[in-house]
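Student: after the sequence you'll find the predicted model.
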Amino acid sequence: MKLLTHNFLQCHIKGVKNGYPLQIEAVKIDQRDADYDPDFLRSMFKRIDWKAFLQGAQALNCAEGLPEDVSEELLQDDGFLQKLHHALLEVCLEEGSLVCPETGRRFPVAKGIPNMLLNEDEV
């Protein structure tokens with residue numbers, strides 16, 4: 001699971017009000033090459049919750065060089081875009097869990113695929 005995916009996932013258990021961002025518990029992390037497309041990064045930047053993204057990048061050990069605070073001016077800096085590309089698209093959570101910040105419910109990630117299915121009593 002890429003951090004791009006993680007940034008859009010949240011816990012949908014009935015009654016949960018604070019189900020975002022899901023915390024990452026990594027067991028196995030992998031890296032896969034992805035084509036570098038600065039225009040794609042610039043368009044996705046507006047949709048990313050930076051604080052949640054940075055938290056995920058720290059959990060996957062790929063936050064080095066990423067700033068705490070960002071602005072749209074950074075989108076003109078190729079060095080920043082390269083670091084964003086690496087963390088957002090090349091680092092993958094292969095095995096581990098996503099944890100709801102409110103309930104502590106763990107959603108397993110196996111072979112890079114998060115299982116967000118709810119039990120009957122959670123719907």
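Tutor: Perfect, I can see it now. Here the structure is a predicted model, which is why all the values come from computation and not from measurement.
Student: quick one: what helix or strand has Leu66 in it?
Tutor: Counting by DSSP states H and E, Leu66 is held by no secondary-structure element, helix or strand.
Student: er, Gln58 actually
Tutor: Element membership for Gln58, per DSSP H and E: helix 50-59.
Student: centre of the chain to that helix, how far?
Tutor: 7 Å (CA atoms, centre = their mean, to the nearest Å).
Student: and the next helix or strand after it, what other elements does it pack with?
Tutor: Next along the chain after helix 50-59, taking DSSP H and E as the criterion, comes helix 78-85. Using 3 or more CB pairs under 8 Å, 6 or more residues apart in numbering; DSSP states H and E as the contact test, the elements touching helix 78-85 are helix 38-45. All C-beta atoms are positioned from the backbone trio N, CA, C, and that covers glycine.
Student: please export the C-alpha coordinates of the helix it packs on as PDB.
Tutor: Taking Å, rounded to 0.1, in the frame of the first residue of the first chain, the C-alpha atoms of helix 38-45 are listed here in PDB:
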ATOM      1  CA  PRO A  38       6.100  16.300 -11.500                       C
ATOM      2  CA  ASP A  39       2.800  17.400 -13.000                       C
ATOM      3  CA  PHE A  40       1.000  14.500 -11.300                       C
ATOM      4  CA  LEU A  41       2.700  15.400  -8.000                       C
ATOM      5  CA  ARG A  42       1.600  19.000  -8.300                       C
ATOM      6  CA  SER A  43      -2.000  18.000  -9.000                       C
ATOM      7  CA  MET A  44      -2.100  15.500  -6.100                       C
ATOM      8  CA  PHE A  45      -0.400  17.900  -3.700                       C
END
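Student: in the helix holding Gln58, what's buried?
Tutor: Ala52, Phe53, Leu54, Gln55, Gly56, Ala57, Ala59 (16 or more other CB atoms under 10 Å).
Student: put together TSV for those, with distance to Leu93 and pLDDT on each row.
Tutor: Formatted as TSV, the buried residues of helix 50-59 follow (distance: CB to CB, whole Å; pLDDT from 0 to 100):
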residue	distance to Leu93	pLDDT
Ala52	14	97
Phe53	13	98
Leu54	15	98
Gln55	13	98
Gly56	9	98
Ala57	11	98
Ala59	8	98
